[in-house]
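Trainee: Okay, sequence plus prediction incoming.
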Amino acid sequence: MRPLVIVLSVLLVISAIGLAPHTALGQVDFNTNTPQPTDVLDTFSFATNTPTGPTATPTATATPTATNTPTPTPIPLGPYTYPTGINPLTGLPYPSEEAQARRNLIVKISNFPPEVRPQSGVNAADLVYEYEVEGGVTRFAAIFRNNAPEHVGPIRSARLLDMELVVMYRALLAYSGTSEPIQNLLLSQDWRWQLFSPSVGYNCEQAGFCRFPEEGKAFEHTLYGDTNKIWDMATLQGVNTGYRAYGFAFDETPNLGGEEASELFINWWGQTNALWQYDPDTERYVRFTDGLPHYDAADGEQLWADNLIIIEAPHNRRPDLFPEGSNYESLEIALWDGGRALVARNGRIYQGFWQRPNRNEGAALMVLDDDGTPIMLKPGRSWVSVVRGLGTVDIRMEYSDMAATATVIAQTPTATPQGE
């Protein structure tokens, strides 16, 4: 009878602890506090603190003292990392999931002759680069991400510098066309599928490159684009991925130092000039071009920016790209390595330098103080002016009387515009 009593006792113990009769004691999980894989814990909910047996009678415990819980270190707003949901072009949150998901889009916009003004959609761009093309006039490379305007332009041709911008901002490029040597260079790139232009087969119905004839405006200045259709076509081609680029750093608080500056005047070889005046009411800079207020036809507002960045870069002639004896050549603006820079925000201007860490994809331009500290931009829209030398920039403490200037211009006979 003793063996039978022992067997019955074992079965009673097994039943008490809730084990199936076929479970061996050596296989029971006794809550060894082995951590679960993180991905499992993120997906499922486990009651890891449920006691497996009788709870001992609690003993008196001391009142817990306050602990210094460490505050999470905030993710900086650039120049290398940005919080989730922040647009590195502006330092502000993306306005929608659509904006975050789509790719940076560069649209080439004409700025000469004066008949192309006012352009459309410039104020909707997150970031604008302005640089010299042949003849001492400028063109805009407007980068869109947050906003998707339906009418942008007039769209003009690509230049060598655009190849650098595409890589810097991992962007799509929309342009009207270009010279044969530059077109061949564009089509030879690994990222050629990021090119959108009538010159590579895209039209109005398919990709939004449409002509809008206007009296007094030459045919080459009548092409406009719909950014929505360009992004849709990029999606069909599998290249509309919302890649980030890094470079700018943002903070609501400006760097220490700097000097007060009411306006900045930039002159490109006497052919085109730009005057930016700081408006303390809006805390923005507004633009005058060739002495007149420069408006955006889409929103009716004067062109504006929260930050002005002026960089000095070598401008190299490239006649070697064209057949011998050709009367046409291109400028190669060396937007790599680094150089001197000026940054204006909140009515103050800072001297420093610009740097492009490398020519890898996504490594965009940075602006730094003399000691290598990032110059903090105001979160918002920025305008980058690329010049041959900072000597073409006039920093002024007093405001110019632009109303009087406009009156003088209106009374001056207008010269016949020359071709680009």
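Mentor: Yep, that arrived. The model shown is predicted, which means the values in this text are computed figures rather than measured ones.

Trainee: The most centrally placed residue in the chain: what's it in contact with?
Mentor: Centroid check for the chain by Cα atoms, centre = their mean gives Leu89 as the closest residue, at 2.6 Å. Residues in contact with Leu89 (Cβ atoms under 8 Å, 6 or more residues apart in numbering) are 104, 126-127, 143, 145-146, 169, 245, 248, 382. (Each C-beta comes from the backbone N, C-alpha and C, glycine too.)

Trainee: can you give me the helices in the stretch 101-250 of the chain?
Mentor: 160-168, 180-187, 204-207, 227-236 (DSSP state H, counting those that start in this stretch).

Trainee: Average pLDDT for the first one, rounded please.
Mentor: Put plainly, it is helix 160-168. Averaged over helix 160-168, pLDDT sits at 97.

Trainee: Kindly report the same for stretch 88-99.
Mentor: If you average the pLDDT values across stretch 88-99, you get 98.

Trainee: oh, and call the first residue 139 from now on, that's how I've got it
Mentor: All set: I'll call the first residue 139, so the last point we hit is now stretch 226-237.

Trainee: For that stretch, which residues meet the burial criterion?
Mentor: The neighbour-count check on stretch 226-237 (16 or more other Cβ atoms under 10 Å) flags 226-230, 232, 237 as buried.

Trainee: so where is the stretch 439-558 of the chain shaky, pLDDT-wise?
Mentor: Across the stretch 439-558 of the chain, residues meeting the criterion (pLDDT under 70) sit at 545-546, 548-558.

Trainee: thought Glu467 was touching Asn454?
Mentor: No - if you go by Cβ atoms under 8 Å, Glu467 and Asn454 don't touch, sitting 10.4 Å apart.

Trainee: Which of the three states applies to Trp492?
Mentor: The three-state assignment at Trp492 reads strand, by DSSP: H, G, I helix; E, B strand; the rest coil.

Trainee: mind checking how far it is from Gly376?
Mentor: 33 Å (Cβ to Cβ, to the nearest Å).

Trainee: So for these two, which residue has more residues nearby?
Mentor: Trp492 (25 against 8; other Cβ atoms under 10 Å).

Trainee: ok, back up a step: what's the closest non-adjacent residue to the residue nearest to the centre of the chain?
Mentor: Of all residues not flanking Leu227 in the chain, Asp264 sits nearest, at 4.0 Å (Cβ to Cβ, 6 or more residues apart in numbering).

Trainee: what pLDDT does the one you found get?
Mentor: So Asp264 comes in at 98 (pLDDT).

Trainee: mind checking how far it is from Arg240?
Mentor: Separation of Asp264 from Arg240 (Cβ to Cβ): 12 Å.

Trainee: what's the overlap in contacts for those two?
Mentor: With Cβ under 8 Å, 6+ apart as the test, Asp264 and Arg240 both reach Arg283.

Trainee: Neighbour count: those two, which is higher?
Mentor: When Asp264 and Arg240 are compared for neighbours, Arg240 comes out ahead with 26 against 22, by other Cβ under 10 Å.

Trainee: so that one makes contact with Met371?
Mentor: No - counting by Cβ under 8 Å, Met371 is not a contact partner of Arg240; they are 11.8 Å apart.

Trainee: shaky segments in the stretch 139-288 of the chain?
Mentor: 139-212.
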